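Chemist: here is my input; please provide its structure:
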Amino acid sequence: MRQVCAALNTWDAKANTDDTSPAKVLKANKKSMKSTRQAVVTLLASDLKATDTLIAATKAIGTPRVPNGQEVGTGYLQTLGDARDALSAAHSAAERLPIANKTVLTAALTTMDDNLGGQFQAIGDPLSVLNTDQTLASAIQADPGCATVLDFFKSSTTSGLKVGDCVTTDESKVDCATPHDGEVTLVTSYGADSTAPYPGNDALNAFADKTCNAAFTQYVGVPIDQSTHTYGYYYPNPGTDWNGGDREVVCTVTNEDNTPLTGSLKAQTS
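Modeler: Coordinates of the predicted model:
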């Protein structure tokens, strides 16, 4: 995991920092509108190059040495690919930014920057896919080299839940031997800092669907379309939770008909 997190740290420092956002380029550039647009295009081209370097470095590291390493590794690379796609779309949009005047450019650049930020928030913590494997999750937590990446996506949480806990609909932890509504398959964070505005239910649902689907397969042992169970999730509400800095997303496995579960579903075929 040290190599993985080292590559992520290098990328994050280059391609995913607030100090080099497209909107800040506009504020910093005092030249013509054309030169401002070119500065944004150049910035995003550099971000794309850094992301390509990250993907190449990740591929060179190889498949994680865990039983489901191929699947987890593929999922992780897909997450990095999603980040690259978001940057590529922004780069293309930057090349078409209107430069009739600063007001028009500012509005278009703000929209492009907001869209890019929203996409990165929806992609979330790149380590969340690796965290679906317990061996890799333990290695991530134990390796100091991963601390910077974890800190970037760190959020205050209120549930105190962990993988394997059994819960009721209000996220109360109960004994798995008693009837319960769900079993926790992953606890992760939505990638937004404490000052970010609420991204909306659509963005959070998209992030949770992607993340919890992968967590379901890793935890239960079969893909969801081969199971009689499904996944559920909890995420912060747009009021007190989000404004208080909560970014926690909790994935669970549940019965399709919402009837109570009894016992654990970990590594069962269903």
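
Chemist: and whichever strand or helix holds Asn9, what does it pack onto?
Modeler: According to DSSP states H and E, Asn9 maps onto helix 2-15. With contacts defined as 3 or more C-beta pairs under 8 Å, 6 or more residues apart in numbering; DSSP states H and E, the packing partners of helix 2-15 are helix 33-61, helix 147-153. (C-beta placed from N, C-alpha, C; glycine too.)

Chemist: how about it: buried residues?
Modeler: By 16 or more other C-beta atoms under 10 Å, the buried positions in helix 2-15 come out as 4-9, 11-12, 14-15.

Chemist: could I get those residues as JSON lines with distance to Pro64 and pLDDT?
Modeler: Shown next, in JSON lines, are these (distance: C-beta to C-beta, whole Å; pLDDT from 0 to 100):
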{"residue": "Val4", "distance to Pro64": "9", "pLDDT": "85"}
{"residue": "Cys5", "distance to Pro64": "13", "pLDDT": "79"}
{"residue": "Ala6", "distance to Pro64": "15", "pLDDT": "82"}
{"residue": "Ala7", "distance to Pro64": "14", "pLDDT": "84"}
{"residue": "Leu8", "distance to Pro64": "14", "pLDDT": "80"}
{"residue": "Asn9", "distance to Pro64": "18", "pLDDT": "76"}
{"residue": "Trp11", "distance to Pro64": "18", "pLDDT": "81"}
{"residue": "Asp12", "distance to Pro64": "20", "pLDDT": "70"}
{"residue": "Lys14", "distance to Pro64": "24", "pLDDT": "64"}
{"residue": "Ala15", "distance to Pro64": "23", "pLDDT": "59"}
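
Chemist: ok, Ala93 - contacts?
Modeler: 112, 115 (C-beta atoms under 8 Å, 6 or more residues apart in numbering).

Chemist: change it to 6 Å
Modeler: Met112 (C-beta atoms under 6 Å, 6 or more residues apart in numbering).

Chemist: looking at this, it is in a helix?
Modeler: Yes. Counting by DSSP: H, G, I helix; E, B strand; the rest coil, Ala93 is located in a helix.

Chemist: domain ranges for this structure?
Modeler: 2-132, 155-255 (automatic domain parsing).

Chemist: ends of the first one, what's the gap?
Modeler: Domain 2-132 has an end-to-end distance of 18 Å (criterion: C-alpha to C-alpha, to the nearest Å).

Chemist: what about the strands in the chain?
Modeler: For the chain, the strands defined by DSSP state E occupy 166-167, 173-174, 182-189, 229-234, 248-255.

Chemist: other SSEs contacting the third one?
Modeler: Strand 182-189 is packed against helix 201-220, strand 248-255, with contacts defined by 3 or more C-beta pairs under 6 Å, 6 or more residues apart in numbering; DSSP states H and E.

Chemist: using CSV, write down the CA coordinates of the shortest one.
Modeler: This points to strand 248-255. Listed next in CSV are the C-alpha coordinates belonging to strand 248-255 (Å, rounded to 0.1, in the frame of the first residue of the first chain):
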residue,chain,number,x,y,z
GLU,A,248,-19.8,9.5,6.3
VAL,A,249,-21.4,7.0,3.9
VAL,A,250,-22.4,3.6,5.4
CYS,A,251,-23.1,0.7,3.1
THR,A,252,-25.2,-2.3,4.2
VAL,A,253,-26.5,-5.6,2.9
THR,A,254,-30.3,-6.0,3.4
ASN,A,255,-33.1,-8.3,2.3
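
Chemist: any idea of the angle it forms with strand 182-189?
Modeler: When axes from the mean of the first three to the mean of the last three C-alpha atoms, to 10 degrees is applied, the directions of strand 248-255 and strand 182-189 differ by 160 degrees.

Chemist: ok, the nearest residue to Asp175 once chain neighbours are set aside - contacts?
Modeler: Distances taken as C-beta to C-beta, 6 or more residues apart in numbering place Cys166 nearest to Asp175, at 6.9 Å, with adjacent residues excluded. Going by C-beta under 6 Å, 6+ apart, Cys166 touches 174, 176, 180, 183.

Chemist: most neighbours among these, please name it.
Modeler: Within the contacts of Cys166, neighbour counts (other C-beta atoms under 10 Å) peak at Glu183, which reaches 24 neighbours.
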